[in-house]
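Chemist: Provide a 3D model corresponding to the input given below.
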Amino acid sequence: MSEVQWNRLTAAELRALAARDAVVLLPVGATEQHGPHLPTGVDDLLAAEVCRRTALRAAEHTATVVAPSVPTGLSEHHMPFGGTLTLSLATLHALLRDICRSAIRVGFSRILIVNGHGGNMTALNALTTELTLELATPIAFASYFGAGRAVVRDTLETQDGLMHACEGETSMMMAAHPDLIRAEHLPEAHGPRITLPAESDDPLYMAVTFDRITASGVAGDARSASREKGERMLDGCAQALADIIAGNPWARKDDEARTRP
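Modeler: Presented below is the predicted three-dimensional model:
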C-alpha cells in the first residue's frame, strides 16, 4: 500500500495496518507568526511533510501510518505579534491523550509523536512519560529537527540549527509549499541568532515573549534559503526518523536480550 495518510485510508485498511503492528506517526506543530514572509502554519506543515516522507521510507521495513497532525501547540511567546493560536499545557495533554487512546483502541500499539515546534519540546518530554503511564502503552517522542540535527547543521550556511522563520524553515517551505512564501518580503526576513533552549548553558529560565528577542519575528536569516537546501533537510530528517523506527525504540531491553543469538 502506497498511501500512508490516516485520513486517506479506510477503516478496514487501518485495522489491517494495526494487525501488522504498524507504527503511528503523530505530527505536532504550532500555528504562530513566522515573520513577514511565511504563513503561520509552518511548524504544522513541515512536521506533517517530514512524517509523510518518513512513512514512505520506513515502509521498506516497517508498516507506518501518519495520523492527522495537531496544528496548534504551545505558542504563548508569539502572541504579541498577532496571528498566533495557542493551547494551554492541560489542553495539549488532553488532546494528545485522546488521539493516542483512539489509535490504541483501533489496535495500534506503537506511537511516535513527531514534534515540529521548539516551544513544544519541554512539554512533550514530560507528556510522553505521562501518556505512557496513563495509556499503559509506550509512547515515543522526537523532534524531527533533533533527529536530523546533523543534516540540518551540514546544510545550512548561516546557522548551525533551526531557529525561527530562518534559513532552514524557509528552505524547507520552499521545497514543500513554495506557493505559501511571500517572496517580496524575503529581504526583510532576518533577525538575531538565538540559542535553542536545549543547547543553552544558562542555568536560569524565564518566560520571554518573542517580540523582546526580534522585532521582525524572525530569528536567523532567511535570505540565503533555497529549495535545494530544503529538500536535503526534509529528506535527511525523514531518513533519520525512519532509522529510529527501524531500531524499534518500543522494544523492551529484556525482550531484545532474549532474542539475541
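Chemist: can we go C-alpha only for contacts and neighbour counts from here?
Modeler: Will do.
Chemist: Show me the strands in the stretch 51-200 of the chain, by range?
Modeler: 64-66, 110-115, 139-143 (DSSP state E, counting those that start in this stretch).
Chemist: Single out the most deeply packed of those.
Modeler: Stretch with highest mean neighbour count among these: strand 64-66 (a mean of 28; mean count of other C-alpha atoms under 10 Å).
Chemist: Can you tell me which helices and strands that strand packs against?
Modeler: strand 23-28, helix 42-58 (3 or more C-alpha pairs under 8 Å, 6 or more residues apart in numbering; DSSP states H and E).
Chemist: Save those as CSV, and put in mean neighbour count too.
Modeler: Formatted as CSV, those follow (neighbours: other C-alpha atoms under 10 Å):
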stretch, mean neighbour count
strand 23-28, 27
helix 42-58, 25
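Chemist: For Val151, which of the ones you listed is the nearest?
Modeler: helix 42-58 (13.5 Å; C-alpha to C-alpha).
Chemist: And that closest one, how far out from the chain middle?
Modeler: How far helix 42-58 lies from its chain's middle: 8 Å, per C-alpha atoms, centre = their mean, to the nearest Å.
Chemist: same check, this time on stretch 18-31
Modeler: Worked out by C-alpha atoms, centre = their mean, stretch 18-31 lies 11 Å from the chain centre.
Chemist: same question, stretch 173-180
Modeler: Worked out by C-alpha atoms, centre = their mean, stretch 173-180 lies 17 Å from the chain centre.
Chemist: repeat for stretch 13-23
Modeler: Counting by C-alpha atoms, centre = their mean, stretch 13-23 comes out at 23 Å from the chain centroid.
Chemist: Just the buried residues of that stretch, please?
Modeler: Leu14, Leu17, Ala18, Asp21, Ala22, Val23 (16 or more other C-alpha atoms under 10 Å).
Chemist: what's the spacing between Ser171 and Gly82?
Modeler: 24 Å (C-alpha to C-alpha, to the nearest Å).
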